[in-house]
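Coordinates only, no sequence provided:
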Ligand SMILES: Nc1ncnc2c1ncn2[C@@H]1O[C@H](COP(=O)(O)OP(=O)(O)O)[C@@H](O)[C@H]1O
Ligand SMILES: [Mg+2]
């Protein structure tokens, strides 16, 4: 069974509005890392909201097509079971972080699940260490740098231990060390059985993904092995995805 199975997915933010997602087909296999890229406004974040089931909070939105996570329709899952299936790290960590300290932030979800305090402490310490943010445990998330906020937001979502992880542009505010750390964490999580969707507009940040989907105006322009798409420079140039003078270094 696929971890995520999407067929003919369409989405409008209001009835009669423009089709922000216009018939998307894609899938994510168990233990697979699928990247999604495309120009600003092409629908990447909207796709993240749909896959993680958050779109149902927007009552005016109109979604059609098939959207299954681990065989279950996202629209039929209750909030608590949905949270165990899919965790979303938002593009803007400020919309996600609200606790007075970093460790409270990470403990929030497991506390809501009513895990025993000892187990919560263990999980928080493990995640502080995994993300390399132990020194920030007592800090107020509000005062952190963009990159640090991204790592805290990722830790807070991992605290729920979801089967599927959806990560919306967390790489851009990170320094090279932070990026390397996130890539190695995602690899570790994949081997531990997670399936991952990672959204990035920067092609270099997605080179490690197994497969890549290029979105264009709410449609899937390409969905294939990452190295195959990254090697097709004519396609990337036509899609407007090669923007620096030196071009993209794909090795
Ligand atoms: N809450 C919203 N209400 C109405 N339109 C929106 C909303 N959020 C995004 N859009 C529109 O949907 C399109 C896709 O946006 P988005 O999914 O954020 O793209 P991306 O993440 O690729 O930059 C854009 O045209 C954007 O203006
Ligand atoms: Mg976005």
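Good, I have the coordinates. As the structure is a prediction and not an experimental result, all values here were calculated from the model. Ligands and ions are numbered 1, 2, ... in the order given.

only C-alpha atoms for contact and neighbour calcs from this point on.
Will do.

Show the contacting residues for the residue in the stretch 101-250 of the chain that ligand 1 sits nearest to.
Residue nearest to ligand 1 within the stretch 101-250 of the chain (CA to the nearest ligand atom): residue 218, separated by 7.4 Å. The contact partners of residue 218, taken as CA atoms under 8 Å, 6 or more residues apart in numbering, are 19-24, 42-43.

and the end-to-end length of stretch 1-19?
With CA to CA, to the nearest Å as the measure, the ends of stretch 1-19 fall 29 Å from one another.

which residues make contact with that stretch from outside it?
For stretch 1-19, contacts defined as CA under 8 Å, 6+ apart pick out 20-30, 51, 58, 60-71, 164, 195, 218.

where's the residue of the stretch 101-250 of the chain closest to ligand 1 relative to residue 239, distance?
In terms of CA to CA, residue 218 sits 13 Å off from residue 239.

swap in residue 24?
Counting by CA to CA, the gap from residue 24 to residue 239 is 17 Å.

So these two - more neighbours on which side?
In terms of neighbours (other CA atoms under 10 Å), residue 24 is the more surrounded of residue 24 and residue 239; the figures are 19 against 15.

Are we agreed that the more buried one is in a strand?
Yes. Counting by DSSP: H, G, I helix; E, B strand; the rest coil, residue 24 falls inside a strand.

That one and residue 220 touch, don't they?
Yes. If you go by CA atoms under 8 Å, residue 24 and residue 220 touch, sitting 6.0 Å apart.

How many residues are close by residue 146?
Quick note: residue 146 (other CA under 10 Å) scores 18 neighbours.

ugh, wrong one, residue 129
Neighbour tally, residue 129, other CA under 10 Å: 13.

Other residues contacting the host helix or strand of it?
Element membership of residue 129, judged by DSSP states H and E, is helix 117-130. Applying CA under 8 Å, 6+ apart, the contact partners of helix 117-130 are 103, 106-107, 110-111, 134, 137, 155, 158-159, 185.

one more time with 7 Å, if that's ok
Applying CA atoms under 7 Å, 6 or more residues apart in numbering, the contact partners of helix 117-130 are 103, 106-107, 110, 134, 155, 159.

ok, which pair from the residues you listed is furthest apart?
Greatest spatial distance among these (CA to CA): 110 and 134, at 18.1 Å.

Tell me which of the two has more neighbours.
Between residue 110 and residue 134, counted using other CA under 10 Å, residue 110 has the larger neighbour count: 20 against 17.

Buried residues, the host helix or strand of that one. List them.
Using DSSP H and E, the element containing residue 110 is helix 102-112. When neighbours are counted by 16 or more other CA atoms under 10 Å, the buried residues of helix 102-112 are found to be 102-111.
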